[in-house]
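Student: Structure for this input, please:
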Amino acid sequence: MISRLLDTARRYADAHADANGVAATPFPGLSILREIGPTPLQYAISKPLVALVLQGQKRVTMGGHTFDFGAGESLLITAEVPTVSQITAATLGKPYYSLVMELNPAVIEGLVLEMGGQPFAAGSPVRVDPTEDEVADAALRLLRLLDRPASLPILRDQMLRELHYWLLSGRHGGAIRALGITDSHAQRVARAVALIRSGYAKPLAMERLASAASMSLSSFHAHFRSVTSLTPLQYQKQLRLIEARRSMLAEGTPIAHAAHAVGYESIPQFTREYGRMFGMPPARDIREANNRLRTVA
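Tutor: Here you go, the predicted structure:
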């Protein structure tokens, strides 16, 4: 099943991948990734998603946990948490391919209501498991619609819903189900996360975050850490540093301007915390990134 899914995904990705190796599809939230070599470390905060690896290997680190996985395995992220990722096995002759789908909370909520009160699982917001045959089969039939454009308006939504159903029915289901339970701890923490992300450059207002999550302060701290594996302050700090790095590397923003833009008043403090997170100070990180770009060019 994975080999057939790989063949279909490969044809589409080889024809449509952009300069960053991303092949967008007509399906909301679904894309195919293609890389022809190992990548540098990539820092991001993703929406909840599932990634089916079809060829090659990847490593993802979240907090103190590192996951190495490859073809036939799926990565599940159930909360908007900072991750460090790197494709570790890919070549021009045998590129890395993965199918990535953002999880749709509205679809999950509807399915959870229809499927009844099955248990959901707490635990790490990042996990890796073998891809189940039903999930691969649903993904394959979904991608085959790409060759039949006239079918997309009619079948697209119901087939995306089916793919969510098989994910909920399988070994991923317990972790995904919390996203669709109205007013669950996961949904409440997500409201607080949205506030942090929209105002990451401002000082944290813990009472406001707890109020958004409809929790007491002590309960909010406990559940925030349970869902994201981080404290709110750690989350904000990593978000600030990731955004500053993106601004410097993608837009050429000077170091001091990038630091101040994300809420740092002290450049030495920014430099120290940047070095702890990314393994080197910002000036060196920018220099090495530019050197890599010149090498590729």
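
Student: rest of the way, CA atoms for contacts and neighbours
Tutor: Will do.

Student: For the protein, just list every one of the strands.
Tutor: Residue ranges of the strands in the chain, as given by DSSP state E, are 22-24, 30-35, 42-45, 49-55, 57-62, 65-70, 73-77, 82-89, 96-102, 126-130.

Student: Output the ones you listed as TSV; include the columns mean neighbour count, mean pLDDT and distance to Ser229.
Tutor: Shown next, in TSV, are the strands of the chain (neighbours: other Cα atoms under 10 Å; pLDDT from 0 to 100; distance: least, Cα to Cα, whole Å):
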stretch	mean neighbour count	mean pLDDT	distance to Ser229
strand 22-24	19	95	29
strand 30-35	22	96	26
strand 42-45	17	87	13
strand 49-55	24	96	17
strand 57-62	19	91	9
strand 65-70	16	90	10
strand 73-77	23	93	12
strand 82-89	19	92	10
strand 96-102	24	96	20
strand 126-130	19	89	10
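
Student: Turn those into a markdown table, including distance to Ser266.
Tutor: Below are the strands of the chain laid out as a markdown table (distance: least, Cα to Cα, whole Å):
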| stretch | distance to Ser266 |
| --- | --- |
| strand 22-24 | 37 |
| strand 30-35 | 38 |
| strand 42-45 | 23 |
| strand 49-55 | 35 |
| strand 57-62 | 27 |
| strand 65-70 | 30 |
| strand 73-77 | 33 |
| strand 82-89 | 23 |
| strand 96-102 | 36 |
| strand 126-130 | 33 |
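
Student: Which one of the ones you listed lies nearest to Leu195?
Tutor: strand 42-45 (14.4 Å; Cα to Cα).

Student: List the buried residues in stretch 162-179.
Tutor: Neighbour-count burial for stretch 162-179 flags 162-169, 172-179 (criterion: 16 or more other Cα atoms under 10 Å).

Student: List just the nearest of those residues to Gly116.
Tutor: Looking across the buried residues of stretch 162-179 and measuring by Cα to Cα, the closest to Gly116 is Arg177, at 10.8 Å.

Student: nearest spatial neighbour of the residue most central in space within the chain, skipping sequence neighbours?
Tutor: For the chain, the residue lying nearest the average C-alpha position, counting by Cα atoms, centre = their mean, turns out to be Ser46 (3.1 Å). Nearest in space to Ser46, with sequence neighbours left out and distances taken as Cα to Cα, 6 or more residues apart in numbering, is Glu80 at 5.5 Å.

Student: Over to Met159?
Tutor: Leu142 (6.2 Å).

Student: again, but for Pro254
Tutor: Sequence neighbours aside, Met248 is the residue nearest to Pro254 in space, at 6.4 Å (criterion: Cα to Cα, 6+ apart).

Student: From Arg292, how far out is that neighbour?
Tutor: The spacing between Met248 and Arg292, counted by Cα to Cα, to the nearest Å, is 15 Å.

Student: Show me which of these two is the more surrounded one.
Tutor: Met248 (20 against 12; other Cα atoms under 10 Å).

Student: do you know how far that one is from Ser266?
Tutor: Counting by Cα to Cα, the gap from Met248 to Ser266 is 17 Å.

Student: Equivalent analysis for His221, please.
Tutor: With Cα to Cα as the criterion, His221 and Ser266 are 27 Å apart.

Student: quick one, which of those two is more surrounded?
Tutor: Applying other Cα under 10 Å to His221 and Ser266 shows that His221 carries more neighbours, namely 18 against 11.

Student: Please name the residues that touch that one.
Tutor: With Cα atoms under 8 Å, 6 or more residues apart in numbering as the criterion, the residues that contact His221 are Thr231, Pro232.

Student: Would you pull up how far stretch 187-201 lies from the middle of the chain?
Tutor: Taking Cα atoms, centre = their mean, to the nearest Å, one finds the center of stretch 187-201 at 16 Å from the center of the full chain.

Student: for stretch 100-118, same thing?
Tutor: So, by Cα atoms, centre = their mean, the centroid of stretch 100-118 is 18 Å from its chain's centroid.
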